[in-house]
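Q: Sharing a model that was predicted from the sequence below.
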Amino acid sequence: MKFKERYLSGEIPFEEIDIYIEKWGNSDETCTLRAYLGLSEEEEDVWISDSDEALMELLDRQRQG
């Protein structure tokens with residue numbers, strides 16, 4: 001399961017994104033980090049242009065509704 005799926009289901013805390021990033025960086029994965037995490041383009045843009053907190057808020061809105 002990708003980070004986003006696990007976070008939205010409540011399995012893992014948001015901070016676990018750092019572990020996923022590290023695993024991706026140390027792997028032979030050919031996919032992008034965005035794909036590895038399971039993020040949409042919009043989510044990736046918010047994350048890059050704003051912050052971790054902005055991404056977490058965006059995901060939390062999906063979780064609640």
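A: Nice, thanks for sending it over.
Q: and D60, how many neighbours does it have?
A: D60: 13 surrounding residues under other Cβ atoms under 10 Å. Where C-beta positions appear, they are placed from N, C-alpha and C, glycine not excepted.
Q: Look at the residue with the largest distance to the centre of the chain and report its pLDDT.
A: Going by Cα atoms, centre = their mean, the residue of the chain most distant from its centre is D28, 18.8 Å out. In this model, D28 is scored at 96, pLDDT.
Q: SS state for it?
A: coil (DSSP: H, G, I helix; E, B strand; the rest coil).
Q: In contact with it, which residues?
A: By Cβ atoms under 8 Å, 6 or more residues apart in numbering, the contact list for D28 is empty.
Q: any idea how far it lies from Y36?
A: 12 Å (Cβ to Cβ, to the nearest Å).
Q: So for I17, what's the nearest residue that isn't a sequence neighbour?
A: Once flanking residues are discounted, I17 sits nearest to F3: 5.7 Å by Cβ to Cβ, 6 or more residues apart in numbering.
Q: What's the local residue count around that neighbour?
A: F3, neighbours per other Cβ under 10 Å, totals 22.
Q: Tell me how many other residues surround the closest residue to P13 other than its chain neighbours.
A: Nearest residue to P13 in three dimensions, chain neighbours excluded: Y7, at 7.8 Å (Cβ to Cβ, 6+ apart). When neighbours are defined as other Cβ under 10 Å, Y7 has 25 of them.
Q: likewise L33?
A: L33 has 14 nearby residues by other Cβ under 10 Å.
Q: what's it in contact with, if anything?
A: 21, 24.
Q: what do you get for the one 3 residues further on?
A: Residues in contact with Y36 (Cβ under 8 Å, 6+ apart) are 2-3, 20, 24, 29.
Q: Lovely, talk soon.
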